[in-house]
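> the following comprises the amino acid sequence and a computationally predicted model.
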Amino acid sequence: MKKPLRVLIVDDSMDDVELMLRELRHGGYEPAFERVETASAMKMMLEKQKWDIVLADHYMPFFSAIGALTQLKLSGLDIPFIIVSGSIGEDIAVSSMKAGAHDYIMKDNLTRLVPAIERELIEVEERRKCKWAEELLRKSEASLANAQRIAHLGNWEWDIVKNELHWSDEVYRIFGFAPQSFCPTFEMFLNAVHNDDREFVEKFFHDILHERKPYHIDHRIVLPDDAVHVVYEQAEVMFDNTGRAIQMNGIVQDITERKRLEEELRLLNESLERHVAERTAALVKVNEELRIEIEERKRAEEKIKHMAFHDSLTSLPNRVLFNDRLTLSLAHAYRTTETLAVMFLDLDRFKSINDTLGHSVGDMLLHEIANRLKRCIREEDTVARFAGDEFILLLLGINEAEDVSSIARKILDAIQQPLMIRGHELYMTTSIGIAIYPNDGKDAETLLKNADTAMYHAKEQGRNNYQFYTEAMQSASFEKMIMERNLRRALDRGEFVVYYQPLVNIGTGQIVGMEALVRWRHPDRGLINPEEFLSLSENTRLIVFIDELVLYTVCVQCKAWQDAGFQPLCIAVNLSAHTFQQPNLVETVMSALQKTGLDPHFLGLEITESIAMQDIEATIHKLSKLSDLGVQIAIDDFGTGFSSLYYLKKFPVKKLKISQHFVNGIVTDQNDKVIVESVIALAQSLKFKVVAEGVETEEQLIFLKQRQCDEMQGYLFCKPLPAEEFGKIPMQDKQLCGLW
C-alpha cells in the first residue's frame with residue numbers, strides 16, 4: 001500500500017512536475033500536490049492546508065527557490081525544503097543550504113529524490129519530538145515554579161567543594177531579594193537568619209554534614225525591610241567515595257502564615273478549652289438552678305392549681321371546682337337513681353359590715369362563716385364560695401326533704417351564733433335557697449339557677465330562713481326577667497319621664513325649690529311608680545343610666561324655665577349608690593351643666609346617709625369637687641343610717657332631709673318625735689338647713705313649724721307633677737293650701 005505524501009511544488013514546468021511525481025510513485029508514495037509559481041500563491045497554499053514537503057525549482061521567471069524559502073520561513077512552519085533544479089552551481093547550492101534549504105537535487109538525477117525526502121521526513125519528525133519534549137519540559141518547569149510560588153517553596157543547591165550556592169527564584173523571593181539579582185553564598189544565607197536563631201542553625205548545618213541523614217528545621221529570617229518571617233528547611237548531603245561532603249540539596253518554605261495560623265489555632269484551642277470548662281461549670285450550675293426551678297415550678301403549679309379551684313380568702317372550693325363536682329355527682333345520681341340537693345346561701349346585710357367596719361373585718365367574717373359551714377356538713381358533701389358573701393353547698397345521698405331541712409336549720413343556727421372580730425361582737429343571719437335533683441332540675445345550671453331563685457324568695461320572706469324551690473318562684477323570677485327587659489327597652493324608647501315636687505319654705509309657704517322624681521310611662525300599663533322598678537334597676541345597675549337621664553333632663557328643664565322668665569329655683573336630683581360610686585361622676589355632672597348651660601347653683605344632688613358612709617374619703621373627695629362647682633349637696637333619709645358626726649361635719653352639705661318614716665310618726669310615736677327633734681337640733685347646730693319629707697297632715701306641719709324646721713315637701717302641699725303642669729304654678733308670692 002502506497003504512503004500518502006502532501007507535496008507543495010514550486011515550479012513553472014508541468015513536465016518537470018510530472019517527472020518528480022512519477023519518481024515519488026516509484027518510491028512507494030501516493031503524492032497529493034499543488035503547483036505554484038508566485039510568492040502570493042505559495043503564501044495562500046501554506047495557509048490553506050498542511051504539507052509534508054516543499055520541492056522548489058531554483059530558476060523561474062517570476063520566483064525562485066530562495067524566494068520560496070523566504071516565504072516558508074515567514075510562515076513559521078517546519079517543513080522540509082528541497083531544491084530540485086536543472087543546473088545549479090556549487091556556490092549557489094552552499095548558499096541555499098546556509099539559507100535553510102535541507103537538500104538540493106539535480107533534475108537529471110531524480111533517483112536521489114525519494115531517499116532525500118525520506119531522510120528529511122525522519123529528521124523533521126525528530127525535530128518535532130525534540131521541540132515537544134522541550135515544550136513539555138518548559139511547561140513542567142513553569143508549573144513547578146508556579147507551585148513553588150504558591151506554596152512559598154524554593155529549592156537550593158550548595159556545592160560544598162566550590163562553596164557555590166544556587167537558589168531557585170522562589171528562594172530569592174522568600175528572602176526578599178529580586179530573583180537572580182546576585183550570586184548567593186552560604187554566609188549570605190546565615191546573615192539573613194535571625195540573630196537569636198543563628199547559632200542554632202549553624203550547629204544544625206554542622207551536625208548534618210557529619211551525620212549522613214536528612215534534616216529539617218524551623219527558624220526565623222530577617223528580610224531587608226526588617227520583617228521577620230519563619231521558614232522551614234529540609235536538606236540532605238551527598239558524599240564522595242572518601243566520605244567527604246561535596247554537595248547539599250534542600251528546600252526552603254516560608255511558613256510564616258502557617259505558624260501564625262497554628263498560633264491562632266493554639267490560642268483558639270486554649271480559649272475553647274477554657275470556654276468548654278466555663279460552659280461545663282455553667283451547665284452544672286444551670287442544671288442545679290433548673291432542678292431548683294422545676295421544684296419551685298411544681299410547687300407553684302400546685303399552688304396555682306389550688307388557686308384555680310379554690311377561693312383565696314376561705315380556701316373553700318370555688319365555683320369552677322364546685323361545678324365539676326356537681327356535674328360528676330349528677331352523672332352518678334343519674335346512674336344510681338339517687339337524690340342530691342344544692343343549697344344557695346347569701347349572708348343578710350353583709351354589705352353594712354363592710355361599709356361600717358371595713359373590708360378587712362368583712363374578710364375575717366367570711367373566713368369564720370366558711371369554717372362554720374364546713375362543720376355543718378358531712379365529709380362527702382361540698383361547700384364552696386360562689387362570690388362575695390354567697391356560698392353554695394352540694395349535699396349527696398339525700399333520702400327525703402327533711403334531711404335537707406335539718407342541715408339548713410343547723411346552718412341557720414350556726415350562722416346566728418355571735419362572732420367576735422377585732423373587738424366587735426357581730427350577729428349575722430343568712431338566707432338559704434334549696435333545689436333538689438331531679439325534681440327541680442336535671443343539670444348543674446338549672447339546679448344552681450333554681451336554688452338562687454329560692455334564696456331570693458327567702459330574702460323576700462324576711463331573711464334568716466330557708467326556702468325550697470317551687471315553680472311559683474320560677475314564675476316570679478320570669479316576671480323579674482320580663483321587667484328587666486322592659487326596663488332596658490324603656491331606656492331605649494325614652495319612656496322614663498321626670499316629675500317635680502315642690503320644696504316649700506315652712507315660714508312663708510313659698511316654693512323655694514323642687515325635687516326631681518323619675519316615673520315610668522309604660523305604653524300599655526300607663527304610669528308606673530318607682531316602687532315597682534327602682535329595686536330591680538338597682539340590682540341590674542340600670543339605675544346608673546336612669547340617674548344620668550334624670551340629671552340631664554333636669555338641667556335642660558331648669559334652664560328652659562329660667563329662659564322662659566320663671567323664678568330661678570334649685571332642682572334636686574337623687575343619686576343611687578351605684579351612680580355615686582361611678583369614678584366619672586363629677587365629669588358626668590360637669591358635662592350635663594356645660595351642654596345645657598345651667599348655672600351649677602341651681603342643681604342639687606341628694607345621696608342617702610348610708611351611701612355617704614360607704615367610703616368616707618371618696619365621699620368627701622367627690623362631694624368637695626361638686627360643691628366647688630356650686631352644686632347644692634343634701635343628705636337624704638337622714639336618721640336611717642349610722643352617720644358619724646365627726647365625718648358629717650366634714651361633708652360639704654347644705655341640707656339634711658329627715659326620712660318620711662320618722663315624719664309619719666311624729667304625732668303618734670314618741671320615739672319618732674324625739675328623733676325628728678334631735679335631727680332638727682343637730683342640723684341647726686351644724687348650720688345645715690333641715691328638710692322634712694312626706695308631710696301629709698296639718699298636725700305634722702304645726703309640729704315642724706314649732707321646731708323651726710326650714711323646709712318641707714309632701715302631699716299636704718303638692719304631689720309630684722310633670723314639667724308641663726308644674727310650669728303652670730305661679731312662682732312668686734305663692735302660698736299653698738291657705739296654711740299661712
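Alright, I've got the coordinates. Numbers count the residues shown, from 1 in each chain.

> which non-adjacent residue is nearest Asp443?
Leu330 (6.8 Å; Cβ to Cβ, 6 or more residues apart in numbering). For glycine as for every other residue, the C-beta is placed from the backbone atoms N, C-alpha and C.

> count the residues that sit near that neighbour.
Applying other Cβ atoms under 10 Å, we find 21 residues neighbouring Leu330.

> quick one, strands of the stretch 1-150 of the chain?
For the stretch 1-150 of the chain, the strands defined by DSSP state E, counting those that start in this stretch occupy 3-10, 29-36, 53-56, 81-85, 103-106.

> out of those, which gets nearest to Ala577?
strand 3-10 (126.6 Å; Cβ to Cβ).

> and Glu135, what's its pLDDT?
For Glu135, the pLDDT comes out at 65.

> report the contact partners of Ala32.
Pro4, Leu5, Arg6, Val7 (Cβ atoms under 8 Å, 6 or more residues apart in numbering).

> about what we covered before: redo the strands of the stretch 1-150 of the chain as a markdown table? Include mean pLDDT and distance to Arg112.
What follows is the strands of the stretch 1-150 of the chain, written out as a markdown table (pLDDT from 0 to 100; distance: least, Cβ to Cβ, whole Å):
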| stretch | mean pLDDT | distance to Arg112 |
| --- | --- | --- |
| strand 3-10 | 91 | 16 |
| strand 29-36 | 91 | 15 |
| strand 53-56 | 91 | 12 |
| strand 81-85 | 88 | 10 |
| strand 103-106 | 86 | 5 |
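
> so in this protein, which helix runs the longest?
helix 256-309 (DSSP state H).

> contacts for the helix or strand following that one, please.
Toward the C-terminal end, the helix or strand that comes next after helix 256-309 (DSSP states H and E) is helix 319-336. Here helix 319-336 makes contact (Cβ under 8 Å, 6+ apart) with 308-310, 317, 338-340, 342, 382, 384-387, 392, 394, 396, 437-438, 442-444, 447-448.

> how about the CA coordinates for helix 319-336, as CSV?
Taking C-alpha atoms only, helix 319-336 is exported to CSV below (Å, rounded to 0.1, in the frame of the first residue of the first chain):
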residue,chain,number,x,y,z
ARG,A,319,-67.3,28.0,91.5
VAL,A,320,-65.3,26.1,88.9
LEU,A,321,-64.5,23.1,91.2
PHE,A,322,-68.0,23.1,92.6
ASN,A,323,-69.4,22.9,89.1
ASP,A,324,-67.1,20.0,88.3
ARG,A,325,-68.1,18.1,91.4
LEU,A,326,-71.8,18.8,90.8
THR,A,327,-71.6,17.6,87.2
LEU,A,328,-69.9,14.3,88.3
SER,A,329,-72.4,13.9,91.1
LEU,A,330,-75.3,14.4,88.7
ALA,A,331,-73.9,11.7,86.4
HIS,A,332,-73.6,9.3,89.3
ALA,A,333,-77.0,10.2,90.6
TYR,A,334,-78.5,9.5,87.2
ARG,A,335,-76.9,6.0,87.0
THR,A,336,-77.9,5.1,90.6
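
> pretty sure Glu711 contacts Gly507?
No. Counting by Cβ atoms under 8 Å, Glu711 sits too far from Gly507 to count as a contact (9.3 Å).

> out of those two, which sits in the busier spot?
The neighbour count for Glu711 versus Gly507, taken as other Cβ under 10 Å, is higher for Glu711 (20 against 12).

> list the contacts of that one.
Leu503, Val504, Asn505, Ile506, Val512, Gly513, Lys655, Lys689, Val690, Val691, Ala692.

> how about a cut-off of 7 Å?
Leu503, Val504, Asn505, Ile506, Val512, Lys689, Val691 (Cβ atoms under 7 Å, 6 or more residues apart in numbering).

> tell me the one of those nearest Cys718?
Using Cβ to Cβ, these come closest to Cys718 at Val504, 8.2 Å.

> the closest one: neighbouring residues, count only.
29.

> ok, the closest residue to Leu395 other than its chain neighbours to Arg274 distance?
Counting by Cβ to Cβ, 6+ apart, Leu395 lies nearest to Ala341, which is 4.3 Å off, once chain neighbours are set aside. Separation of Ala341 from Arg274 (Cβ to Cβ, to the nearest Å): 73 Å.

> mind checking which of these two has more residues around it?
For Ala341 versus Arg274, neighbours defined as other Cβ under 10 Å are more numerous around Ala341 (24 against 10).

> the more buried one belongs to a helix?
No. Counting by DSSP: H, G, I helix; E, B strand; the rest coil, Ala341 is not part of a helix but strand.

> quick check: it touching Gly433?
No. In this structure, Ala341 is not within contact of Gly433 by Cβ atoms under 7 Å, at 10.7 Å.

> for the residue nearest to Leu395, name its beta-bridge partners.
Leu395, Ile436 (DSSP bridges).

> same question, Asp346
Glu390, Ser431.

> what's the distance between it and Asn464?
Computed as Cβ to Cβ, the Asp346 to Asn464 distance reads 11 Å.

> Arg378 too?
For Arg378, the distance to Asn464 equals 24 Å [Cβ to Cβ].

> again with Glu293
52 Å.

> among those two, which residue is more densely surrounded?
Asn464 (16 against 12).

> the residue lying closest to that one once chain neighbours are set aside: what's it in contact with?
Leaving aside its sequence neighbours, Asn464 sits nearest to Thr429 (Cβ to Cβ, 6+ apart; 3.7 Å). Going by Cβ under 7 Å, 6+ apart, Thr429 touches Asp348, Ile415, Gln416, Arg463, Asn464.

> how about a cut-off of 8 Å?
Residues near Thr429 by Cβ under 8 Å, 6+ apart: Leu347, Asp348, Arg349, Leu412, Ile415, Gln416, Arg463, Asn464.

> quick one: buried ones out of those residues?
Among these, those classed as buried by neighbour count (16 or more other Cβ atoms under 10 Å) are Leu347, Asp348, Leu412, Ile415, Asn464.

> surely the fourth one is in a helix?
Yes. Applying three-state DSSP, one finds Ile415 inside a helix.

> that one touches Asn371, doesn't it?
No. The criterion here is Cβ under 8 Å, and Ile415 misses it with Asn371 at 11.4 Å.

> list residues touching both of those two?
Shared contacts of Ile415 and Asn371 (Cβ under 8 Å, 6+ apart): none.

> what about the stretch 301-450 of the chain, any weak spots by pLDDT?
Nowhere does the stretch 301-450 of the chain drop to pLDDT under 70.

> one more time with 90, if that's ok
Low-confidence segments of the stretch 301-450 of the chain, defined by pLDDT under 90: 301-310, 312, 348-359, 378, 387-388, 397-403, 419, 421-427.

> and if you look at the stretch 501-650 of the chain?
Using pLDDT under 90, the stretch 501-650 of the chain drops low at 506-510, 522-543, 565-567, 576-583, 608-620, 636-650.

> quick one: the strands in it?
With DSSP E, counting those that start in this stretch as the criterion, the stretch 501-650 of the chain has strands spanning 511-522, 526-528, 570-574, 603-608, 632-638.

> CSV for the ones you listed, including distance to Glu199 and mean neighbour count?
Shown next, in CSV, are the strands of the stretch 501-650 of the chain (distance: least, Cβ to Cβ, whole Å; neighbours: other Cβ atoms under 10 Å):
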stretch, distance to Glu199, mean neighbour count
strand 511-522, 117, 20
strand 526-528, 122, 12
strand 570-574, 113, 23
strand 603-608, 109, 23
strand 632-638, 110, 23
